[in-house]
Every structure is written in structure tokens, then in C-alpha cells.
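1. no sequence for this one, just the structure:
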Ligand SMILES: Nc1nc2c(ncn2[C@@H]2O[C@H](COP(=O)(O)OP(=O)(O)OP(=O)(O)O)[C@@H](O)[C@H]2O)c(=O)[nH]1
């Protein structure tokens, strides 16, 4: 059995995942490297490259929503649960993929997948262990326009951290669509987002999480007081969030402009490095202890 290599491309809706996957495929082709493209977004329609595996051939979000009367998010979760019950659909073709290929997995943008729903860890476990044993790197995209709103940017950073914690894979975070902010943000300011400088949350009283949540309407003493309390409470929440991000000191972003070949090539080289790093590690079973735990304490 040979080795297998892959990257799983994640991030919120519209972050540029599919565009990045296409740019990666293009770049690999130009450099005479092979790739195997897997679409796991049951709602995705337009592809520059036809996927080698497309979840829509197993289940379509549109059908699920229509037949089960589910909304888009509930429908997406249903599609993934269905995929987990029919994993052969994914694993059988992947068994035949050889080490020359980079497996690229395009994920949907529903944020639940990267926070509390345990579907993604289960999927990644199947891909990275057992007979498939794919050495993987996670790529998490956040769009660079988020930096104009600091609270949005830091909640995006927290979602990237959540994916890092959940998957325990070598991981690159990427600020996408850099062409859109180029020239609009001073280099020095941009640097504070690339290696997130958490003082950004505190040093601008008019912005940050505090501003987002400030709800009081100034039409009387009581409301004035609640506004003040919200301000104080969220200022301390900001400090706690900043400390959490600081203590991790793991999150930094690579810059991506999907139209620029050099930019795509640079990111690919980080992904390659991460994959090699993963491969050089002893296989570990980080969650097995949890899996084996007797949750309710009964013998
Ligand atoms: N200017 C610019 N636009 C981009 C870039 N990458 C993606 N876009 C645009 O952003 C929009 C969303 O891109 P997608 O690649 O569909 O994003 P996605 O994350 O796959 O979206 P979902 O699958 O809906 O979550 C499209 O209109 C793209 O053309 C980029 O690097 N620069």
C-alpha cells in the first residue's frame, strides 16, 4: 500500500474555497502534478474542473430539502450524516488513488461543521487512519474583507481555531481575496491581522466585540445603565478572547489572491510542508481515549 496525500479546504460560506481548489488544480496541472478532486458540498454547482468524486452523486441538498422539508443547514447536516453511513462512496475510489496525486477536498461553508457538530472529526478520522491513511493538511480560508470589521475578523479567527482544535491536523489559515484589500489597507495595519494582534480588539473603543453587542437605547436611566454594563462586560469578554488567541499563538494567516499564480504556489508549498510534517509524525490516536471513555461513569 502506497502513501496518500491530501488537503481539506474549509471556511465560512463564500470564503473562496471552490475558487481556491480550482486555482490549486490549475497550478498543479501547470507543474505536471496530478490531483484528485473531491467535492463534498452537496449544494455546489459550478466547477471549473469536474470533481472525481462528487457528493451530489450520492445525495443532493436540493432533494433533501424538498423531500424532508429541511432548511439548508439542517439539510446539509442530513447529507453529511448520510455520507457517514455510506462511507464506501468516498473511501472506495480513494483506495485507488496513488501517491503521485494530491487529493483536494472541497468542503461546504456551513459554520456548524467547524464548531460543534462532530461530523468533520469523524470524516477526517476515516480519511487519515485505517486503510486510507491519508497524510493531510487542513486549509482554512477566511476572506480578507473581514479585516474591515475587527469583531468579524476575530470571530473568524476563533472559528479557524475551533477547526484546528477539532481536527488536530497540520493546519494552514489563509486570508483569501487579498486582491480586494490590496491598496486599501496599509502594510503595517495588514501585518496586525496576518499575525493577529489582539490589541486590535482593545485599542479602538469604537469597534470590537463590545460595539457589536452594545444594545442599549439611550432613552432613560435604566437603559443608560444597561448600555454601560454591556460595554464593561464586553470589554472584559474582549480581553478574555484576546488572551485566548494570544495564548494559542498558533493562528497566523497566509495571503491568497486566487488569480495570482505565485500566491497559489506559495500556499501550495506550505500545504506540501504540512503534509510532510504529518507524515513524519508517529501515528497518534488523539481521541481514542475519549472514544473509549465511559461517559456516564457506569461500569
Ligand atoms: N476578487 C476575488 N474574488 C474571489 C477570490 N476567490 C473567490 N472569489 C469570489 O468569491 C465568490 C465566492 O467564491 P467561491 O469560491 O464560490 O467560495 P466558496 O467558499 O466555495 O463558497 P461556498 O461554497 O458557497 O461556501 C465568487 O464570486 C468568487 O469569484 C479572490 O481571490 N479574489
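-> Okay, I see it. Values in this document were obtained by computation on a predicted structure and should not be read as measured data.
2. in the helix or strand that contains residue 166, what counts as buried?
-> Using DSSP states H and E, residue 166 maps to helix 150-167. Residues of helix 150-167 classed as buried by neighbour count (16 or more other CB atoms under 10 Å): 150-157, 159-161, 163-164, 166-167. Where you see a C-beta, it was placed from the backbone N, CA and C, and this is true even at glycine.
3. just checking: which of the residues you listed also lie near the ligand?
-> When the buried residues of helix 150-167 are checked against the ligand using CB under 6 Å from any ligand atom, none falls in range.
4. Just the closest residue of this protein to the ligand, please.
-> residue 109 (2.7 Å; CB to the nearest ligand atom).
5. distance of that residue from residue 40?
-> Distance, residue 109 to residue 40, by CB to CB, to the nearest Å: 11 Å.
6. okay, these two: which has more neighbours?
-> Each of residue 109 and residue 40 has its neighbours counted (other CB atoms under 10 Å); residue 40 has more, 24 against 20.
7. which one is the more buried one nearest to, not counting chain neighbours?
-> residue 55 (5.0 Å; CB to CB, 6 or more residues apart in numbering).
8. Spell out which residues of this structure are next to the ligand.
-> The chain comes close to the ligand at residues 11, 13-19, 41, 44, 109, 176-177, 179-180, 257-259, as judged by CB under 6 Å from any ligand atom.
9. same thing but at 8 Å, please
-> With CB under 8 Å from any ligand atom as the criterion, the chain meets the ligand at residues 11-23, 41, 43-44, 46, 106, 108-109, 141, 143, 176-180, 256-259.
10. Inside strands: which ones of the residues you listed?
-> The strands, defined by DSSP state E, take in 106, 141, 143, 176 from the residues of the chain next to the ligand.
11. what's the neighbour count on the first one?
-> For residue 106, the number of neighbouring residues by other CB under 10 Å comes to 24.
12. need the contact list for it.
-> Contact analysis of residue 106 by CB atoms under 8 Å, 6 or more residues apart in numbering lists 9, 17, 18, 21, 37, 38, 39, 40, 41, 44, 51.
13. Then residue 101?
-> Counting by CB under 8 Å, 6+ apart, residue 101 touches 4, 5, 34, 35, 36.
14. which of the buried residues of helix 150-167 lies closest to residue 100?
-> residue 167 (25.0 Å; CB to CB).
15. That closest one contacts residue 123, correct?
-> No - between residue 167 and residue 123 there is no contact under CB atoms under 8 Å: 9.4 Å.
16. Low-confidence stretches in the stretch 51-200 of the chain?
-> Applying pLDDT under 70 to the stretch 51-200 of the chain picks out no residues at all.
17. how about the helices in it?
-> Taking DSSP state H, counting those that start in this stretch to define them, one finds helices in the stretch 51-200 of the chain at 61-68, 72-85, 88-95, 119-128, 150-167, 178-181, 187-194.
18. In TSV, list those helices along with distance to residue 266.
-> Compiled in TSV, these are given as follows (distance: least, CB to CB, whole Å):
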stretch	distance to residue 266
helix 61-68	34
helix 72-85	31
helix 88-95	27
helix 119-128	25
helix 150-167	19
helix 178-181	11
helix 187-194	13
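19. Look up how far residue 89 lies from the residue nearest to residue 40.
-> For residue 55 relative to residue 89 (CB to CB), the value is 8 Å.
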